[in-house]
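> With the sequence up front, the predicted model follows.
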Amino acid sequence: MLRKTSSSPVVSRRRFLGGTAVAAGSLSVLSKQASAQVTVPVQVNFGSPATTPWVWPLAFARHAVPLPAWEALDPPVIPADHQRYDEFAPVKFYDMSVTEILSRPHPELAESRVMAYQGSVPGVTFINHYGEPVLCRIRNDLPLELNGIGSPDIITHVHNGHHASESDGYPGYWFSPGSFRDHHWPMIYAGGDWREAKGTLWYHDHRMDYTAQNTYRGLAGFFLLFDHLDSGNENDPNSEAFRLPSGVPDGPRWRGCYDIPLIFTDRRYDANGVLVMDVMNMDGHLGDKYLVNGRVQPYFEVERRKYRFRLLDGGPSRFYSFWMSNGMTFHHIANDGNMLPHPIETDHVQLGVSERADIVVDFSQVPDGVNELYLVNREMQIEGAKPEGVLLSYADSNQLIKFIISPERNVVDHSRVPANFRPLPEMDTPVVRTRTLAFDRKNGMWTVNGRIFDNDRADITFKQGTAEIWRISTAGGWAHPVHIHMEENRILSLNGKPVDSGILHCRKDVFTLYPGDEMELYIRFRDWTGRYVMHCHNTIHEDHAMMVRIDVVP
Amino acid sequence: MNNRIQVVSSDPSVLVQFANRRSALRALMIPAGAAVLSGCSSVTRLAQEPAPAVSDEEVGRMRRDASGVRTFKNYVLYDQDGRKLYFHDDLIRGQIFAAGFGYAKCQGICGRISGNLVEASGMLGGLMGNPVRFYTFSLAQDSPADMREAMEIRGILGKPGWKYLTGSPEAIRYVRCSFGFFDSGKEDTQGTPATHTGMIRFGHHSLDKWSSCPGLGTPTSIASSVGWLLPPDRRPEFARMNRNVPNSARAIPGWTPSKPLLAQV
């Protein structure tokens, strides 16, 4: 729930965005102060019904279950539909349906009609491994006459997947109820380089013009990837393995699990407690209820040991600044699901929509007698367009999860946070071109370089195996988390300053531009050809054509 | 021709508080017989009815009635023939529509947007008029005569499904803001003729489906956006799933459509 700002606001550590002096007072005061020329104030919506926090425990999606070896997909896969299918012949097959179900996020709210991957909101959790190619059939079993927000058409994108275009979830490749699509996920390192491994990915609907509505209504889930180093086993006898806290909860089986995916979303409910979305808002939709893994303000019982939390900003438009309520530090180990070269000890993590952060929190460091802590969001945001750049005080922050800490001290914990993870690959592919891409707005229309997304027009033709420099920027008073499909890329500079250390010195797939920012990126596309996209991942902006089609060509 | 019952009241600002005309009648205690027919009205000048101010809290606000149906305020508007229409009751309720903003003498983006809309309407063909309607709301208080002239120039006067609409600045501001086309938290320029919004709002009220796209996109994107409001099996061919793409989707053998869930308890 949004609350009043701090009486002594603290400037965000990244930067103070607004340039507006924020005085003590309520949000309504703030909104009027945001500009002296306001003729229409920030969008105001009705409030959701009150809910009691910490009533339900944190919930987890079930793991996606592959078909047994003796069961074949019917009708069979058409290998010729896929690039390099025989080279990466699937060893695991999934058959997943998308349906409409009823889901209740809190006992004091109603059941709402949502859309679900394999009957689960969030969607079932995929656990996959490098070197084990996957074929996933996704069936659209939604009603033809789907009432309410969203489209009955779907197309599934594995966010940060290194997949061929025809299996990437290109927004224009949507399909309607009564149809299925096969997705070939080869599970290979980009460029064949083990340093390019990805870990925390997510999958979500990407139906052109309806991504915000379809994901808001439930179509999102985790997709986790492991290899010989990030092996998902804290007792791994392999001396090179990271041995991070391990064990991903599988539905009700969460005790003894210490690798915890958390998708953060914000939602609104009407007076009856039914899910609603303000689809008329062009800047972005903000909820007034914080959900974690589909539940409003859940609690989570933890042991006094290390936990790996995979934080995901599931949008549609909210930014987060995650802190522990006691200010304790933790290790930030992965940015956008990619292991950093080295862990960074910090007391907070900032995420834009669709960004991920893996952190390791050591609850053994919590003093005896302290049995409750909260994960809080201190980012102040009063409109969908951007955060305010103001850090809320702890007292005014928004509590997301309540950790109930076991008093038991004798806990076995073989997990560790190693000093080194994966080194960053060299940027040794010669640069053949530099492009400038300005994310802007004109006459109320979101644009990139003044252009509007056209499914039938390639904006960028990129020669496979080459490298380019892209300068991305945003003007006006908006923030844009820019996502690029298929490959991860590197930030060379931010606002003219080289990025050669810190949390941005890594591989990323989302580049969050705050108002006035300019980033220089090193871009490569390898291994696959076809249509891909780059877009703002404030999904409201994305759905209103702030997207660029990229054709990767041989 | 609009031959629906119009309510005559000395205080129409009371009326617009009610999305439901019957509720309004009851509230005003006006017997049904006191209402008059205005179906053949031939107003040539824009009547300036007083309109209520929209409070800040109501701008862009989600409004739903007790059964969860999205509602809009019943502002009074006039079409190109001078017919008096109510925003919610006549233009939204039960309608499938595309709605844009402009003004008759616009030398800016209106020409391109209108051209795109005209082409899009051609793609929609027989759907125009029933069930699809195209609205253009005037940002400059154009008179019905101005609007007729603009429609004639654009070749759409008398074509099925087209309506140009004008009204008081308050009414148009409400329409624009309720469709989400305003600059949040900064100087609002989207209603100013020189910098006005180029977005198109699409709605299918009874299915509660809403989307929008830039009017400066392609005619195909506008026509598709309308088509995508409809259930997939009732869409025009160009708005159906494209099977001519790599790894295109295939039919699920023996599939029968699942029924929509109705329970919301």
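That came in fine, so what should we check first?
> drop to CA atoms for contacts and neighbour counts, all remaining ones
Fine.
> what's the domain layout of the chain?
Went with chain A since none was named. A:10-46+A:256-405, A:79-226, A:431-553 (automatic domain parsing).
> hm, I was asking about chain B
Split by automatic domain parsing, chain B gives B:1-42, B:68-239.
> Is there contact, residue-wise, from stretch A:148-167 to chain B?
Yes: applying Cα under 8 Å from any Cα of the partner chain, one finds stretch A:148-167 touching chain B at A:148-153, A:166-167.
> Now do that stretch: distance to the chain's middle.
In terms of Cα atoms, centre = their mean, to the nearest Å, the centre of stretch A:148-167 is set 14 Å apart from its chain centre.
> in the sheet, who's paired with residue 128?
Because you didn't say which chain, this covers chain A. Beta-bridge pairing of A:N128 under DSSP bridges involves A:L225.
> Hmm, no, I was thinking of chain B.
The partner residues for B:M128, given DSSP bridges, come to B:V132.
> surely it meets B:E119?
No: using Cα atoms under 8 Å, B:M128 is not in contact with B:E119, being 12.0 Å away.
> follow-up on the earlier one: relative to A:H480, which of the residues of stretch A:148-167 next to chain B is nearest.
Proximity of the residues of stretch A:148-167 next to chain B to A:H480 was ranked by Cα to Cα; the top entry is A:G150 with 22.5 Å.
> quick one: pLDDT of that closest one?
Looking at A:G150, its pLDDT is 96.
> Make CSV from the domains of chain B and add mean neighbour count to it.
Shown next, in CSV, are those (neighbours: other Cα atoms under 10 Å in any protein chain shown):
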stretch, mean neighbour count
domain B:1-42, 14
domain B:68-239, 21
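> Mean pLDDT lowest where, among these?
When these are compared on mean pLDDT, domain B:1-42 scores lowest, with a mean of 31.
> Around chain B, which positions in the stretch 351-500 of chain A sit nearby?
A:383, A:443-445, A:452-454.
> Strands - which of those residues land there?
Counted as lying in strands by DSSP state E, out of those, are A:M445.
> In the residues of the stretch 351-500 of chain A next to chain B, find the pair that's most separated.
A:E383 and A:D454, at 27.6 Å, using Cα to Cα across those.
> more crowded one of those two?
Between A:E383 and A:D454, counted using other Cα atoms under 10 Å in any protein chain shown, the more crowded position is A:E383 (21 against 18).
> from memory the more buried one sits against A:G287, does it?
No: contact criterion Cα under 8 Å: A:E383 and A:G287 do not qualify, at 10.1 Å.
> Look up phi and psi at the closest residue to B:P236 other than its chain neighbours.
Once flanking residues are discounted, B:P236 sits nearest to B:G227: 6.4 Å by Cα to Cα, 6 or more residues apart in numbering or on different chains. Main-chain dihedrals, B:G227, degrees, to the nearest 10: phi -60, psi -40.
> and B:G227, what is it in contact with?
B:235-236, B:239 (Cα atoms under 8 Å, 6 or more residues apart in numbering or on different chains).
> tell me which of the residues you listed is nearest to A:P186?
A:P186 lies nearest to B:A239 out of these, by Cα to Cα, at 31.7 Å.
> Distance of that closest one relative to chain A?
11 Å (Cα to the nearest Cα, to the nearest Å).
> Test my guess that that residue contacts B:L230.
No: if you go by Cα under 8 Å, B:A239 and B:L230 don't touch, sitting 9.4 Å apart.
> and the residue most central in space within chain B, what are its bridge partners?
Among the residues of chain B, the one closest to the centroid is B:A99, at 4.6 Å (Cα atoms, centre = their mean). For B:A99, the beta-bridge partners are B:Y135, B:R201 (DSSP bridges).
> what about it, distance to B:T195?
17 Å (Cα to Cα, to the nearest Å).
> Also A:G178?
On the measure of Cα to Cα, A:G178 and B:T195 end up 44 Å apart.
> picking up where we left off before, my read: the residue nearest to the centre of chain B touches B:L117, true?
No: look at B:A99 against B:L117 with Cα under 8 Å: they stay out of range, at 9.9 Å.
> quick revisit: Throw the residues of the stretch 351-500 of chain A next to chain B into TSV and include pLDDT, thanks.
As requested, these are arranged in TSV below (pLDDT from 0 to 100):
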residue	pLDDT
A:E383	87
A:N443	88
A:G444	87
A:M445	90
A:I452	93
A:F453	95
A:D454	94
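> lowest confidence element among the helices and strands of chain A?
helix A:27-33 (a mean of 31; mean pLDDT, DSSP states H and E).
> what does the lengthiest helix in chain B rub up against?
For chain B, the helix with the greatest residue count under DSSP state H is helix B:110-124. Contacts to helix B:110-124, defined as Cα under 8 Å, 6+ apart, come from residues B:102-103, B:128, B:154, B:156, B:198, B:215-220, B:222-223, B:236.
> Can you check my assumption that A:D440 lies in a strand?
Yes: under DSSP: H, G, I helix; E, B strand; the rest coil, A:D440 falls within a strand.
> give me every residue that touches the closest residue to it other than its chain neighbours.
Spatial nearest neighbour of A:D440, excluding adjacent residues (Cα to Cα, 6+ apart): A:T447 at 5.3 Å. For A:T447, the contacting residues are A:439-441, A:453, A:545-547, by Cα under 8 Å, 6+ apart.
> and these as CSV, adding neighbour count?
Below are those laid out as CSV (neighbours: other Cα under 10 Å):
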residue, neighbour count
A:F439, 25
A:D440, 22
A:R441, 20
A:F453, 26
A:A545, 26
A:M546, 29
A:M547, 27
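> Closest one to A:M115 out of the residues you listed, please.
Once Cα to Cα is applied, the member of the contacts of A:T447 that ends up nearest A:M115 is A:A545, at 23.6 Å.
> Would you confirm that that closest one contacts A:G450?
No: with contacts counted by Cα under 8 Å, A:A545 stays clear of A:G450, the gap being 11.1 Å.
> hey, where'd the strands end up in the stretch 51-200 of chain A?
Applying DSSP state E, counting those that start in this stretch to the stretch 51-200 of chain A gives strands spanning A:92-103, A:112-117, A:123-129, A:134-140, A:156-159, A:179-185, A:200-205.
> would B:M151 count as being in a helix?
Yes: remark: B:M151 belongs to a helix, assigned using three-state DSSP.
> residue boundaries of the helices in the stretch 201-350 of chain A?
For the stretch 201-350 of chain A, applying DSSP state H, counting those that start in this stretch gives helices covering A:211-216.
> near chain B, which residues of it show up?
Checking the stretch 201-350 of chain A against chain B by Cα under 8 Å from any Cα, the hits are A:209-210, A:274, A:278-283.
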